[in-house]
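[1] next one to model:
(2 chains)
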2 protein chains.
Amino acid sequence: KSLSMKFYLISFTVDSNKQEIFQRKKNAVLVNGVILNGPITDSKAGEKFVEEACKIIMEEVIRKAADVTEKVCEWQPPEKLKKLLDLEMRDTGEPHQRLLQLCQDIIRYSVKTNHPRFFNQLYAGIDYYSLVARFITEALNPSVYTYEVSPVFLLVEEAVLKRMIEFIGWKEGDGIFNPGGSVSNMYAMNLARYKYCPDIKEKGLSGLPRLVLFTSEECHYSMNKAASFLGIGTQNVYFITTDERGKMIPEELEKQVQRARKEGAAPFLVCATAGTTVLGAFDPLDKIADICEKHGLWLHVDASWGGSALMSRKHRKLLHGIHRADSVAWNPHKMLMAGIQCCALLVKDNSDLLKKCYSAKASYLFQQDKFYDVSYDTGDKSIQCSRRPDAFKFWMTWKALGTTGLEDRVNRALALARYLVDEIKKREGFQLLLEPEYANICFWYIPSSLRKMEEGPEFWEKLHQVAPVIKERMMKKGSMMLGYQPHRGKVNFFRQVVISPQVSREDMDFLLDEIDLLGRDL
Amino acid sequence: KSLSMKFYLISFTVDSNKQEIFQRKKNAVLVNGVILNGPITDSKAGEKFVEEACKIIMEEVIRKAADVTEKVCEWQPPEKLKKLLDLEMRDTGEPHQRLLQLCQDIIRYSVKTNHPRFFNQLYAGIDYYSLVARFITEALNPSVYTYEVSPVFLLVEEAVLKRMIEFIGWKEGDGIFNPGGSVSNMYAMNLARYKYCPDIKEKGLSGLPRLVLFTSEECHYSMNKAASFLGIGTQNVYFITTDERGKMIPEELEKQVQRARKEGAAPFLVCATAGTTVLGAFDPLDKIADICEKHGLWLHVDASWGGSALMSRKHRKLLHGIHRADSVAWNPHKMLMAGIQCCALLVKDNSDLLKKCYSAKASYLFQQDKFYDVSYDTGDKSIQCSRRPDAFKFWMTWKALGTTGLEDRVNRALALARYLVDEIKKREGFQLLLEPEYANICFWYIPSSLRKMEEGPEFWEKLHQVAPVIKERMMKKGSMMLGYQPHRGKVNFFRQVVISPQVSREDMDFLLDEIDLLGRDL
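    Okay, here's the model as predicted:
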């Protein structure tokens, strides 16, 4: 009786196909109370749901990304937002109309990182091409480990890595896309360690001398995270003093290497930064490479942010000497707008070091008796098992714009940054922290009440409180978003980042006007 | 003159907006040869491109996912596929029509993991709800580290983690979504190490006694990867013997812990597996928890694959004792079809251990003077900096199906697995490797030429060659995909994995018929 009841329910929802259901009923197979005949998914309804949702996405996210009159964010504090959204997962599912309403709400209260006035992070804007690649990826739902399940995406990754390697200036190399620049930096650290002492893979660090690596004070915080995760320890990251522009001082590096040797530690790696997170500074790679060569140290360049300057013939000199690096982290999801995340680790070595260092030879994935060239099964180069085809997003944009189009984007972003710098210099109440090299423009806004005050402790203390208040006001208004931070003894200052081709000088003017408007009473 | 030429080109492409262009021209600002007025993106053309591409995706991927008469894959060997696809990135970009053709090609030659007869990995099928969440994610392009840029997705992650923690049976806990179960296992290993000796974060492993962890012979290969990455060393992973069904033998674990202690090593962690990769075996968690308690060892359960059984009141007994674990890895992207990747690491400790262990306190992201409750800025719990909102995909499916709907999916997959097992037992030429506990059905196909042969070395050697040939034939035909592997002394056998609600008993029958058809001449 319960069986026929179930069939009644099925026929009620899939009423289009009565003949088929009748046939199924005749051959019904019931195991553990479950009818196993025919698929139970209502694919027609599912497809319709996807179509309706796509319309909402098109309207509420993609079209509005080009509309500067829309709000960047619809700020709500956590407790209130919880009430506005219906987050609870219940025993019973919700109907499609209700789900579509939820999609609207999710979008409404999310920050529009595509908006022309989202300047808060090292990524921004919309790239229609990478977006299409990302939709394809989500629809196909691949995992990139073996050629057998990801033939196209493995070849795409190979092709993209090859071109990135050319732009670094290496004759050959290897690489892999990772979920984030932090992970790329970890990969490099582990790879350098493996090269230094392959035994560590099996024996571990216990009983070994203290391994030491060097990076600048201005490096990304992932260096500390990597050192602690890899069992090296944050105390064994020796931070090298930088000059007033945030660039590693090579002479200080030399001193620290010698210090580590005197201590009986084992220096194995220098991590230079090309485009630091806050200041956008570029370490002098050529001079650092000299020191690495002299001491036999692996040179890794964290070019997660600055790497994209390699696409510009005008600006690639910022990374002069990068071809001498042993490994490079470079995130096309930042200035090249490939979408979170698209992060390559590139390795100069071409002796299959990635595979030697990372392989675990899982027999269920990497069978050697396959009927095709298993060198395309690159999954054993990775710490991940399932891995997303992130190279594909960058490939699509590259295809669409060409190398010249990518170069134009970089040139334009840096020209806009230059324009903003000049405007800041002209305007009363704005003060540059330093002359930038790249697309990070760091500056203070000094409200009129502070403009005549002497630059003593009281001034700095008061100035420190200005940026957080302006940030709060701009978010509650939803007019724009940019970041602020204190940094190495400097009180809170704004960091403006210019990336997207949707942005124009009008937005730069707006940015300064708006800060002034929001902060003039402070 | 060159300036007006440039404007001519712009007005040629964006001819709809002449008045605006005229205005811009009047106020033209040129920096480093770049005109900075107005956005340079043609958003109308971009939106149209996305719309056209979405039509292709809808037609060629999403609709065909429900069509069992389509091919699972369009096999081409690597060198030939390179020629069929136009992978090269050139100086000049390609027009939209050409790009749409490329999208068609990319889809055509990609494996259809959504297809009802894709049984090759531990994920499969299409879930329309998580797919919509993934499209929203890609369109919004968020990064989940601070409430300020990801308010909605941080709250969603919190809500999903809370429910998953309930299903494990903990009263409270913490967690984070990671790019893959392998990464979750690494997180857990590092967390256990931090708990064992917090000093390691700063001081590293150098000079410390040898840390040792225990896991079964049948564990996922990520255990070895993690041990080597974390500087522990693969030799310090002590593999515990399993019984004939692939389950860790608790008495053997006890012996190995004692052995490690005798050697002067420092045992700190047991990694049990709930749902092994090949056999789908579940370790006896309750007994293992007893041993961990006795010896003061952290118990991590890798339930990446088997965790979804917790959603089923009928099958959750497979994980009996999981509430005693200190941490659990569980991937809803597998049986619950949330899309690659959706992987949670859940932690019982509620003293902010994740944050203590992982924090690097980056001042540019995690300012403490923000105007909201910064405890929602969970980015410092992670080794990643930018991180995708993977919890959201699972949340959407959960909302759509309800807990009952998720439970039904698990029950149905396991009922189908049971049906297949019974069919294999009935059919001549098919031999089960072992009675399965879960959705992995491991079996040999014995072609008629071998059916009367004695089970000696020659028999096994010949049988070893059968699965690879059948696999090659099914892929070239494109009729279905399932995996094979040799395993722990057993020659190549098939591993069938049942997941998707699109799959029915008819597909199980087809699978066996097709293997017989493809292999009967061998």
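
[2] every contact and neighbour count from this point should use C-alpha atoms.
    Will do.

[3] where does A:Met453 land in three-state SS?
    Classification of A:Met453 using DSSP: H, G, I helix; E, B strand; the rest coil returns coil.

[4] now it: closest residue in space, sequence neighbours ignored.
    Nearest non-adjacent residue to A:Met453, counting by CA to CA, 6 or more residues apart in numbering or on different chains: A:Phe459, 6.5 Å away.

[5] number of nearby residues for that neighbour?
    When counting by other CA atoms under 10 Å in any protein chain shown, one arrives at 15 neighbours for A:Phe459.

[6] check which helix or strand it maps to.
    Assigned by DSSP states H and E, A:Phe459 falls within helix A:457-464.

[7] do A:Leu512 as well
    Going by DSSP H and E, A:Leu512 is part of helix A:505-519.

[8] strands of the stretch 101-250 of chain A, start to end?
    A:118-119, A:174-178, A:211-216, A:237-240 (DSSP state E, counting those that start in this stretch).

[9] identify the single longest helix in chain A, thanks.
    Looking across chain A with DSSP state H, the single longest helix is helix A:391-426.

[10] returning to what we had before: the strands of the stretch 101-250 of chain A: which one's closest to B:Phe493?
    strand A:174-178 (31.0 Å; CA to CA).

[11] what does the closest one rub up against?
    Contacts to strand A:174-178, defined as CA atoms under 8 Å, 6 or more residues apart in numbering or on different chains, come from residues A:157, A:161-162, A:165, A:184, A:342-350, A:352, A:354, A:381-382, A:389-391.

[12] how about 7 Å then?
    By CA atoms under 7 Å, 6 or more residues apart in numbering or on different chains, the residues outside strand A:174-178 that reach it are A:161, A:184, A:342-350, A:390-391.

[13] using PDB, write down the CA coordinates of that strand.
    The C-alpha coordinates for strand A:174-178 follow below in PDB (Å, rounded to 0.1, in the frame of the first residue of the first chain):
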ATOM      1  CA  ASP A 174      56.900  23.500 -14.300                       C
ATOM      2  CA  GLY A 175      54.100  24.700 -12.100                       C
ATOM      3  CA  ILE A 176      50.700  24.100 -10.600                       C
ATOM      4  CA  PHE A 177      47.600  26.200  -9.800                       C
ATOM      5  CA  ASN A 178      46.800  26.400  -6.100                       C
END
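
[14] list the strands paired with that strand, with their directions.
    strand A:343-347 (antiparallel) (DSSP bridges).

[15] what angle separates the strand it pairs with from helix A:391-426?
    Angle of strand A:343-347 versus helix A:391-426, following axes from the mean of the first three to the mean of the last three CA atoms, to 10 degrees, is 100 degrees.

[16] re earlier: name the helices or strands packed onto the next helix or strand after the helix holding A:Phe459?
    Going down the chain from helix A:457-464, the next helix or strand is helix A:466-477, by DSSP H and E. When contacts are defined as 3 or more CA pairs under 7 Å, 6 or more residues apart in numbering or on different chains; DSSP states H and E, helix A:466-477 packs onto strand A:481-487, strand A:490-497, helix A:505-519.

[17] got these as a markdown table, with distance to chain B columns?
    Formatted as a markdown table, the helices and strands packed on helix A:466-477 follow (distance: least, CA to the nearest CA, whole Å):
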| stretch | distance to chain B |
| --- | --- |
| strand A:481-487 | 5 |
| strand A:490-497 | 9 |
| helix A:505-519 | 5 |
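
[18] just send the ones you listed back as TSV, with mean pLDDT too.
    TSV is the format used below for those (pLDDT from 0 to 100):
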stretch	mean pLDDT
strand A:481-487	96
strand A:490-497	97
helix A:505-519	97
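
[19] below-threshold pLDDT in chain A: ranges please.
    Applying pLDDT under 70 to chain A picks out residues A:1-27.

[20] just to revisit the earlier point, let me know which of the helices and strands packed on helix A:466-477 is tucked in deepest.
    Per-stretch averages of neighbours, counted by mean count of other CA atoms under 10 Å in any protein chain shown, single out strand A:490-497 among those, with a mean of 23.

[21] put the alpha carbons of it into CSV.
    C-alpha atoms of strand A:490-497 as CSV (Å, rounded to 0.1, in the frame of the first residue of the first chain):
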residue,chain,number,x,y,z
LYS,A,490,52.4,54.5,11.1
VAL,A,491,48.9,55.2,12.4
ASN,A,492,45.8,54.2,10.4
PHE,A,493,46.0,55.2,6.8
PHE,A,494,43.9,54.4,3.7
ARG,A,495,45.2,51.9,1.1
GLN,A,496,43.5,52.5,-2.3
VAL,A,497,44.0,49.8,-4.9
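
[22] ok, and what's touching it?
    The contact list for strand A:490-497 (CA under 7 Å, 6+ apart) reads A:119, A:122, A:439-444, A:460, A:464, A:467, A:482-486.

[23] which one of those residues is nearest A:Ile40?
    Using CA to CA, the contacts of strand A:490-497 come closest to A:Ile40 at A:Leu122, 44.5 Å.

[24] I'd say A:Ala226 and A:Met186 touch.
    Yes - A:Ala226 is in contact with A:Met186 according to CA atoms under 7 Å; the separation is 5.1 Å.

[25] in terms of neighbours, single out the busier of those two.
    Ranked by neighbour count (other CA under 10 Å), A:Ala226 and A:Met186 place A:Ala226 first, with 27 against 23.

[26] that one: what's it in contact with?
    Contacts of A:Ala226 (CA under 7 Å, 6+ apart): A:Met186.

[27] spell out which residues of the stretch 151-300 of chain A are next to chain B.
    A:151-152, A:156, A:159, A:179-180, A:182-183, A:190, A:200-210, A:221, A:224-225, A:228-235 (CA under 7 Å from any CA of the partner chain).

[28] write the PyMOL selection for whichever of these are buried.
    Here is the PyMOL selection string for the buried members of these, based on 16 or more other CA atoms under 10 Å in any protein chain shown:
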select buried, chain A and resi 151+152+156+159+179+180+182+183+190+200+201+202+203+204+205+206+210+221+224+225+228+229+230+231+232+233+234+235
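
[29] what about A:Gln367, neighbour count?
    18.

[30] next one: phi and psi at it?
    Main-chain torsions, A:Gln367, degrees, to the nearest 10: phi -60, psi 140.

[31] now render the strands of the stretch 101-250 of chain A as TSV, adding mean neighbour count and distance to B:Thr242.
    Formatted as TSV, these follow (neighbours: other CA atoms under 10 Å in any protein chain shown; distance: least, CA to CA, whole Å):
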stretch	mean neighbour count	distance to B:Thr242
strand A:118-119	26	55
strand A:174-178	24	34
strand A:211-216	24	37
strand A:237-240	21	41
